[in-house]
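Chemist: Fold the following for me, if possible:
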Amino acid sequence: MKNDITLVNKSQLTMSSREIADLVESRHDKVKQSIERLAKRGVIDIPPMGEYLDSLGRKASEYKLVKRDSYIVVAQLCPEFTAKLVDRWQELEEAIAWSTDRKPTVLPKHIGLAEYRKARAISMATKSAEVICNRFDNLSKSSQQVIFAKMVNSSVNEELIPLPILENKTFSAGEVGDLLGVSSNKIGRIANKLNLKTKDYGIFVLDKSRSSDKQVETFRYNEKAIDVIKNHLINKEIA
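Modeler: Numbers count the residues shown, from 1 in each chain. Model (predicted):
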């Protein structure tokens, strides 16, 4: 893997979008598109551009991201790779700490220890989030991002990874039932009968069970699903 890290100034390092593409096993252009979408939404600032030579010797562009923004991009693309990103940053920072004459740059001990503890906490939280997401394999990508963001952020007591921006509003079975004047159980039965629990009609999320403290997968319905259920109820009444 490339040691593709840049020292912007004495206190700030950046990682290239190519390095991130390698980490998450994605195409570089897809990573750049994700960065641009996040910047357009105001989640991150548009990062500075750099140049490199591609495999054919042609000039090409790449983004240079600071550590926090790199975490956000990876969390949005493939949150399961966050732990790998933590390890990569540690490798790169240790490498850059050596000057060209091989003399180590010594940081105050308390700073190094704090960074190590933070990296370890992020890594452990990421692995725990990955276990949860693997256990509930119907969860939508945005729901997985919420789990990773909440677990990582709580592990370091800061908003390192922002919650994803949900483009479409969704509703619980109870909320749909209240809108249509029926019980949540009836909404669930209709959804199962009409095969509505798919990504076209909503998302699976992790929520607390109504009967215990356990976390369970629940489906949240979008407006398209509500229209289908409403029409089903109307047609049934007419029939």
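Chemist: So, low pLDDT: which residues of this protein?
Modeler: Across the chain, the stretches falling below the confidence threshold (pLDDT under 70) are 1-12, 95-116, 165-167, 210-213, 237-239.
Chemist: For it, which segments are assigned as strands?
Modeler: Under the criterion DSSP state E, strands of the chain are mapped to 5-7, 13-16, 49-53, 59-66, 202-208, 215-221.
Chemist: Out of those, which is closest to M151?
Modeler: Distance to M151, taken as Cβ to Cβ, is lowest for strand 202-208 among the strands of the chain, at 11.2 Å. To be clear about C-beta, it is placed using only N, CA and C from the backbone, and glycine gets the same treatment.
Chemist: Show me the contact partners of the closest one.
Modeler: Strand 202-208 has contacts (Cβ atoms under 8 Å, 6 or more residues apart in numbering) with 132, 136, 138-140, 142-143, 146-147, 170, 196-197, 214-222, 225.
Chemist: how does this structure divide into domains?
Modeler: The chain breaks down by automatic domain parsing into domains covering 5-156, 173-238.
Chemist: quick revisit: can you tell me which of the strands of the chain is packed in deepest?
Modeler: Among these, judged by mean count of other Cβ atoms under 10 Å, the one packed with the most neighbours on average is strand 13-16 (a mean of 21).
Chemist: Show me what that one is packed up against.
Modeler: Packed against strand 13-16 by the contact rule (3 or more Cβ pairs under 8 Å, 6 or more residues apart in numbering; DSSP states H and E) you find strand 5-7, strand 59-66, helix 67-77, helix 82-96.
Chemist: just checking, which of the ones you listed sits deepest inside the structure?
Modeler: Mean neighbour count, computed with mean count of other Cβ under 10 Å, is highest for helix 67-77 among the helices and strands packed on strand 13-16, reaching a mean of 22.
Chemist: biggest helix in the protein, by residue count?
Modeler: In the chain, assigned by DSSP state H, the helix with the most residues is helix 109-135.
Chemist: Buried ones in that helix, by neighbour count?
Modeler: Applying a neighbour-count criterion of 16 or more other Cβ atoms under 10 Å, the buried positions in helix 109-135 are K118, A119, A121, I122, S123, A125, T126, S128, A129, E130, C133.
Chemist: my read: the second one touches V86, true?
Modeler: Yes: the pair A119 and V86 qualifies as a contact (Cβ atoms under 8 Å) at a distance of 5.0 Å.
Chemist: if I pick the closest residue to M124 other than its chain neighbours, what's in contact with it?
Modeler: With sequence-adjacent residues excluded and distances taken as Cβ to Cβ, 6 or more residues apart in numbering, M124 is closest to S155, at 6.9 Å. Contacts were defined as Cβ under 8 Å, 6+ apart; by that measure S155 touches A121, I122, M124, A125.
Chemist: Most widely separated two among the residues you listed?
Modeler: Spanning the widest gap among the contacts of S155 are I122 and M124, at 7.4 Å by Cβ to Cβ.
Chemist: Contacts only, for the residue lying closest to T14 once chain neighbours are set aside.
Modeler: Take T14 and drop its neighbours on the chain: the residue closest to it by Cβ to Cβ, 6+ apart is K64, 4.0 Å away. The neighbours of K64, taking Cβ under 8 Å, 6+ apart as the test, are T6, V8, T14, M15, S16, S17, P47, P48, M49, G50.
Chemist: what does L179 give?
Modeler: F171, I226.
Chemist: now do N138
Modeler: N138 makes contacts with F204, E217, as judged by Cβ under 8 Å, 6+ apart.
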